[in-house]
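Q: I need the structure of the sequence given here:
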Amino acid sequence: MKIIVLGAGVIGVAGAWYLAEAGHEVVVVERHRDAGMETSFANGGQISASNAEPWAQPAILPKVLRWIGREDAPLLFRPRADWAQWEWGLRFALECLPGRFERNCRALAGLAAYSRDSLRELRTRLGLQYDQLSRGILHFATAPADFEAMARHAEAMKALGVERRVVSAAECAALEPALAHSASPVAGGVFTPQDESGDAHRFTRELARLASARGVTFRFGAAVEALEAAGGKIVALRTHDGARITADAYVVSLGSYSPLLLKPLGIRIPVYPLKGYSITLALGPGEQAAAPSVSLTDEAHKIVISRLGSRLRAAGTAELAGYDTSVNEVRCEAIVRRIRELFPRLAAAPAVDNWAGLRPATPNNVPIIGRTRLENLFLNTGHGTLGWTLACGSGRALADVVSGRRSPIRFDFLA
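A: Presented below is the predicted three-dimensional model:
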């Protein structure tokens, strides 16, 4: 079949790769001039398969209430005259119920493990290089109460087959010596040795290059205007310059913009943009040894930290503010301030880039993958904060669904 994939982020490119491997003729349509230029551009860098769980959980609601009015809050709700925002917020609150949280954890754990294994196989087979490190992820706490809660949660997650090792403050410092100098002493943490980190943007561009060499066609600089439907299926894609492209099947992987394209077709999906921020520090010779090399998650500030070669990436916070992509310097400065507190020896390292991107979030963090009511229209979107973690598994599963094959993972694909 000829298949058009809409979007060349990490989700779209991974999907295009596996569709091409399945024997399909694939065309990727992307409004930017290169791959991975939006949400995949400067994310936190974590491939957190053992930490893939939803933000919507019982413990989060009291924290959200405490964060109201704080401009540097990890989760910030900016009320707008936008029903989609309020509906998403209400559904998020419902997904925090214990039974729903456990169900969502199970769905994400299975897809995340499958995705991690798929990424490793692809990396080995293709020789991909993207500043990857396979040193695990250390989720640490600087407040004793947070550490105790994390330890209890780690025990509960064992029932899902998720490997999480509770570690003391001394063990945290042994795993990542850079934490020994923190101005906020570490109380303890949870270590997931199977997790990894790497540059999602570099991976996406490299995989796009290899896909192109394999025969995938990339139409960059072509913004999608609309999908035309007739007779219960999509008959064409129309771009901003009036071009009309036809195919046998269409895959929507437009991240936060997916619901905007689908709405005129009468298809509603619970995806809303969740703006996240990141800062990137350039590490000179003097900072190399002082910077962490194990990927970290700071429980107190909800920040993830990853070493990407000679750079240190720190990302976090979530802001419900519609499709605004402007950079809030206050929120970026809060991340910088926390990094300098955790790693005082990086005080002289310049922040070379402040960035904001829109995560395509569902209320339960579970992505939307599968067939729609239109027979040749498929979705692979809504991955939220886990796009990099779930990209390869989602793309591989999508290729199975489109090709009429049974996927080896347990996941509630769209009918």
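Q: when you work out contacts or count neighbours from here on, use the C-alpha atoms and nothing else.
A: Fine.
Q: how about the helices in the protein?
A: Here the chain has its helices, by DSSP state H, at 10-21, 60-67, 83-95, 98-126, 144-157, 169-175, 200-214, 258-262, 329-342, 387-402.
Q: low-scoring stretches of the protein, by residue?
A: Across the chain, residues meeting the criterion (pLDDT under 70) sit at 65, 67-69, 71-72, 415.
Q: farthest from the middle of it: give me that residue.
A: The centre of the chain is farthest from one residue, Gly231, which by C-alpha atoms, centre = their mean lies 35.1 Å away.
Q: picking up where we left off before, same list (the helices of the chain) but as JSON lines, adding mean neighbour count and distance to Asn380.
A: Shown next, in JSON lines, are the helices of the chain (neighbours: other C-alpha atoms under 10 Å; distance: least, C-alpha to C-alpha, whole Å):
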{"stretch": "helix 10-21", "mean neighbour count": "27", "distance to Asn380": "7"}
{"stretch": "helix 60-67", "mean neighbour count": "12", "distance to Asn380": "27"}
{"stretch": "helix 83-95", "mean neighbour count": "16", "distance to Asn380": "19"}
{"stretch": "helix 98-126", "mean neighbour count": "18", "distance to Asn380": "13"}
{"stretch": "helix 144-157", "mean neighbour count": "16", "distance to Asn380": "27"}
{"stretch": "helix 169-175", "mean neighbour count": "17", "distance to Asn380": "36"}
{"stretch": "helix 200-214", "mean neighbour count": "20", "distance to Asn380": "16"}
{"stretch": "helix 258-262", "mean neighbour count": "18", "distance to Asn380": "9"}
{"stretch": "helix 329-342", "mean neighbour count": "18", "distance to Asn380": "30"}
{"stretch": "helix 387-402", "mean neighbour count": "26", "distance to Asn380": "7"}
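Q: format those helices as CSV; extra columns: distance to Arg135.
A: As requested, the helices of the chain are exported to CSV (distance: least, C-alpha to C-alpha, whole Å):
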stretch, distance to Arg135
helix 10-21, 22
helix 60-67, 28
helix 83-95, 32
helix 98-126, 14
helix 144-157, 19
helix 169-175, 9
helix 200-214, 17
helix 258-262, 34
helix 329-342, 19
helix 387-402, 15
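Q: which among these is found nearest to Ala42?
A: helix 200-214 (6.8 Å; C-alpha to C-alpha).
Q: contact partners of that closest one?
A: Counting by C-alpha atoms under 8 Å, 6 or more residues apart in numbering, helix 200-214 makes contact with 9-10, 13-14, 16-17, 20, 34-37, 40-43, 45, 128-130, 218, 388, all of which sit outside it.
Q: same thing with stretch 17-28?
A: Residues beyond stretch 17-28 that count as contacts (C-alpha under 8 Å, 6+ apart) turn out to be 1-8, 12-13, 16, 207-208, 211, 214-219, 395-396, 398-399, 403.
Q: please repeat the previous calculation with a cut-off of 7 Å.
A: Residues outside stretch 17-28 that contact it (C-alpha atoms under 7 Å, 6 or more residues apart in numbering) are 1-8, 16, 211, 216-219, 395-396, 399.
Q: just the buried residues of these.
A: Buried by 16 or more other C-alpha atoms under 10 Å: 3-8, 16, 211, 216-219, 395-396, 399, out of those.
Q: next one: the nearest residue to Ala170 once chain neighbours are set aside relative to Val304, how far apart?
A: Spatial nearest neighbour of Ala170, chain neighbours left out: Gly188 (7.8 Å); criterion: C-alpha to C-alpha, 6 or more residues apart in numbering. Noted for Gly188: a distance of 16 Å to Val304, by C-alpha to C-alpha, to the nearest Å.
Q: with Glu225 instead?
A: On the measure of C-alpha to C-alpha, Glu225 and Val304 end up 35 Å apart.
Q: who has more neighbours, the two?
A: Val304 (24 against 15; other C-alpha atoms under 10 Å).
Q: correct me, but that one touches Pro292?
A: No. Under the criterion of C-alpha atoms under 7 Å, Val304 makes no contact with Pro292, lying 11.7 Å away.
Q: which ones are touching Asn364?
A: Contacts of Asn364 by C-alpha under 7 Å, 6+ apart are 54, 56, 92, 95, 104.
Q: dump the residues you listed to JSON lines, plus distance to Thr124.
A: As requested, these are arranged in JSON lines below (distance: C-alpha to C-alpha, whole Å):
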{"residue": "Pro54", "distance to Thr124": "29"}
{"residue": "Ala56", "distance to Thr124": "35"}
{"residue": "Phe92", "distance to Thr124": "38"}
{"residue": "Glu95", "distance to Thr124": "37"}
{"residue": "Asn104", "distance to Thr124": "30"}
